[in-house]
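> would you be able to build a 3D model of this:
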Amino acid sequence: MNCDCGGRASAGRATMSMLRGNAMVTFAEHSPESRNPLFSDNRIKIGTFGTNVSGGCAISTADGTFETTWPNTVRTAEIADRAGLEALVPVARWKGFGGETNFNGTSFETYAWAAGLAGATGHSAVFSTSHVPTVHPIVAAKQAATIDHISGGRFALNVVTGWFAPEFDMFGTTMLEHDTRYEYAQEWLDVAKLLWTREDEFDFEGRFFHIKKGFAQPKPVQQPFPPIMNAGGSPAGQRWSARNSDMAFVTIVHQDYEGARRQAGNLRDMARNDYNRDLQVWANTYMVCAPTEKEARDYLHHYVVEKGDDVAADNLMAEIGGSATIPEEFREAFRFHIKAGYAGYPLVGTPEQVIDEMTKLADAGINGLVISWPRYEHDLQYFVDNVLPLMEQAGLRTPNKGAA
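Got it, this is the predicted structure:
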């Protein structure tokens, strides 16, 4: 890949240089001196997950699962924003998974969703989750900068490469081979960063993108560019995260805290040793919290086992390879967690039990959690009223600094 880079990248706290062909491209690395709450000093940062898609993250016909209306979306965002939660993270989805629920079949497009919530909130970081094969980086860079201005510097970008083949069919494109998707995503982000940082026009000649006199104004409020999130779990995905992400995800097997510590440590070591940069490590979780453990576990059983949509869950598992790659003895447990909350780490029990789990995750090196709840608005408010104060007492968070 060759890039004609005659100008100077925007100033930043540090720079990272990447050699491409015979040219040196210098990108300024994101500085944490920012009003973006993602860079707060809370020991555990919290984000909501999935309030742009039908069902949220619960594949269930139970009463109270998330319905995708704009008023519902705004109400949940306002609860999180007032409580001082750091992030509002959507799911990038273009097609549902069938079954009785057609899980996630109704969805808000994530850049427009983020722009709307940027104007409706005052504290939380608003994310777009961007399927890079579905949007050109020139368009994405302009959308991101626009939302960053609407939010006053609270935008962040969750970069995903895509894995649901029927969505690619809708766009008339072929899903790339797994590791090639990350090569594509690297070029995509390289182009976006040049648009965010270069004051003059530039040419870019890559394997996937060919840019003639690329240019974008205004630049993002956050200099040199907004924070980047990625959840790649494969070796190629982890390396992409180490190279590019401010927030990278690990997958945690239930109560395997040492495994979580190793994953987090390996990601941090790769980022520091290979790319001279730091990153946060996050995890995907779902929460069922109640005054007693029995109430929490009874409700978990109700919405997952009694009311779970097995057809939609099996369709989702088939797309991600779960049916073929997971041993038979673990398949039902995996299906359970898929239905409960996109196979996230379970935070189930009383507020005190949830705090105990969170403390163990923090001790294992986890910096942030995206959380989904089965009855989003009701359960999120219960979390704010009953769990957040205990997080402050446990030293996991400082007192609420959310929007007034």
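> which parts of this protein are helices?
70-83, 110-120, 137-151, 165-171, 178-197, 235-244, 257-275, 293-301, 310-320, 322-325, 328-341, 351-363, 376-386, 388-393 (DSSP state H).
> any idea of the mean pLDDT for the shortest one?
Meaning helix 322-325. For helix 322-325, the mean pLDDT works out to 46.
> ok, back up a step: check the helices of the chain for me: which has the lowest mean pLDDT.
Taking the average pLDDT of each of the helices of the chain, the minimum falls on helix 322-325, with a mean of 46.
> if we can go back for a sec, of all the helices of the chain, which one comes closest to Cys57?
For Cys57, the closest of the helices of the chain is helix 328-341, at 4.5 Å, according to Cβ to Cβ. To be clear about C-beta, it is placed using only N, CA and C from the backbone, and glycine gets the same treatment.
> the closest one vs helix 310-320, what angle?
For helix 328-341 against helix 310-320, the angle by axes from the mean of the first three to the mean of the last three Cα atoms, to 10 degrees is 110 degrees.
> what is the neighbour count of the closest residue to Ser60 other than its chain neighbours?
Take Ser60 and drop its neighbours on the chain: the residue closest to it by Cβ to Cβ, 6 or more residues apart in numbering is Tyr303, 4.4 Å away. Per other Cβ atoms under 10 Å, the neighbour tally for Tyr303 reads 22.
> dump the residue contacts of Tyr303.
For Tyr303, the contact set (Cβ atoms under 8 Å, 6 or more residues apart in numbering) comprises 58, 60, 62, 65, 340, 374.
> same check, this time on Val348
The contact partners of Val348, by Cβ under 8 Å, 6+ apart, come to 287-289, 293, 296-297, 300, 354.
> and the closest residue to Trp94 other than its chain neighbours, how close does it get to Thr197?
Once flanking residues are discounted, Trp94 sits nearest to Glu167: 4.4 Å by Cβ to Cβ, 6+ apart. In this view, Glu167 and Thr197 are 31 Å apart by Cβ to Cβ, to the nearest Å.
> ok, Asp310 next?
48 Å.
> likewise Asn276?
Counting by Cβ to Cβ - Asn276 and Thr197 are separated by 18 Å.
> repeat that for Arg375.
Separation of Arg375 from Thr197 (Cβ to Cβ): 43 Å.
> for Ala83, same thing?
Noted for Ala83: a distance of 34 Å to Thr197, by Cβ to Cβ.
> of those two, which one has the most company?
With neighbours defined as other Cβ under 10 Å, Ala83 and Thr197 compare such that Thr197 has more, 24 against 20.
> hmm, the more buried one is touching Pro220, no?
No: taking contacts as Cβ atoms under 8 Å, Thr197 lies outside contact range of Pro220: 9.2 Å.
> run through the residues that contact Thr106.
By Cβ under 8 Å, 6+ apart, the contact set of Thr106 is 53-54, 68, 96.
> now for those: which two are most distant?
Using Cβ to Cβ, these span at most 11.0 Å, a distance reached by Thr68 and Gly96.
> show me where the stretch 1-150 of the chain dips below the pLDDT cut-off.
Scanning the stretch 1-150 of the chain for pLDDT under 70 picks out 1-34.
> no more questions from me, cheers.
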